[in-house]
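> Fold the stuff below for me.
(one chain, ligands or ions: 2)
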Amino acid sequence: MVLILMKDIVRDGDPVLRQEAAQVSFPLSEEDQKLADDMMEYLVVSQDPEQCEKYGLRAGVGLAAPQVGVSKMMAAVLVPAPEDGGKSPFTDVIINPVIISHSVQAGALTEGEGCLSVDKDVPGFVPRHDRITLRYQDTTGETHKIRLKHYPAIVCQHEIDHLHGVLFYDHIDHEHPFEVSDDTVLFE
Ligand SMILES: OCN(O)CCCc1ccccc1
Ligand code: NI
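Ligands and ions are numbered 1, 2, ... in the order given. The predicted model follows:
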């Protein structure tokens, strides 16, 4: 049962999307645990075409707490498994995430990015780090230090941006939206 619907998703213009979110303390309050569960549930349901349609959702691979009006350092990430089978490259609720190191090399999606909180299309490459080392806590409070590259790294950076009041189009060079440095990894 979806508990977060599109009506619950805050849209660009609301100041909460431009705030620095607050650190989350452990053990999680019941409210924070429920929020984590609800955000992950939104992603799972939104990635099921039938349920997505049924509830009128926009499919998402990530969802950050500020997008549902909660200015806390928490985001759910569900990177879909590749079509040719296999498991999701990264699925977790990342709390108090910090990118502790990253590649010099940039990466960007050839189709640009979108955002559940931004109703308009904003064309252009969104240059990010192609590879990152991410430290975060999961909902149990356990600290993880993981290396991500390409799409999972892009998704996590998009979500972590939300926790710092940054939206994807802030990274687009509006003078030259489809120009990136020649060593940038561009991928589908
Ligand atoms: O913040 C999550 N959200 O707005 C859903 C879209 C997430 C996303 C879309 C394109 C590239 C990376 C991440
Ligand atoms: Ni977003």
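> Strands of this protein, start to end?
62-64, 74-79, 90-102, 106-109, 128-129, 131-137, 143-149, 185-187 (DSSP state E).
> Need these in a markdown table (columns: distance to residue 161, mean neighbour count and mean pLDDT).
Yep, even glycine has a C-beta here, placed from its N, CA and C like the rest. What follows is these, written out as a markdown table (distance: least, Cβ to Cβ, whole Å; neighbours: other Cβ atoms under 10 Å; pLDDT from 0 to 100):
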| stretch | distance to residue 161 | mean neighbour count | mean pLDDT |
| --- | --- | --- | --- |
| strand 62-64 | 8 | 26 | 98 |
| strand 74-79 | 10 | 26 | 99 |
| strand 90-102 | 10 | 19 | 99 |
| strand 106-109 | 14 | 21 | 98 |
| strand 128-129 | 9 | 22 | 98 |
| strand 131-137 | 12 | 19 | 99 |
| strand 143-149 | 15 | 14 | 98 |
| strand 185-187 | 19 | 15 | 95 |
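> the longest helix in the protein is where?
Looking across the chain with DSSP state H, the single longest helix is helix 30-46.
> how much does that helix deviate in direction from strand 90-102?
Interaxial angle, helix 30-46 versus strand 90-102 (axes from the mean of the first three to the mean of the last three Cα atoms, to 10 degrees): 110 degrees.
> Are helix 30-46 and ligand 1 in contact anywhere?
No: using Cβ under 6 Å from any ligand atom, we find that helix 30-46 stays clear of ligand 1, coming within 8.7 Å at best.
> for that helix, which positions count as buried?
32, 35-36, 38-43, 45-46 (16 or more other Cβ atoms under 10 Å).
> Closest one to residue 153 out of those, please.
Proximity of the buried residues of helix 30-46 to residue 153, judged by Cβ to Cβ, is greatest for residue 43, which lies at 17.4 Å.
> you'd agree the closest one is up against residue 64?
No: applying Cβ atoms under 8 Å, one finds residue 43 not in contact with residue 64, separated by 11.3 Å.
> Find residues that contact each of the two.
Residues touching both residue 43 and residue 64 by Cβ atoms under 8 Å, 6 or more residues apart in numbering: residue 76.
> who are the neighbours in contact with residue 101?
Here residue 101 is in contact with 132-133 (Cβ under 8 Å, 6+ apart).
> Give the bridge partners for it, please.
Per DSSP bridges, the residues bridged to residue 101 are residue 133.
> List the buried residues in stretch 77-87.
Result for stretch 77-87 [16+ other Cβ under 10 Å]: buried residues 77-79.
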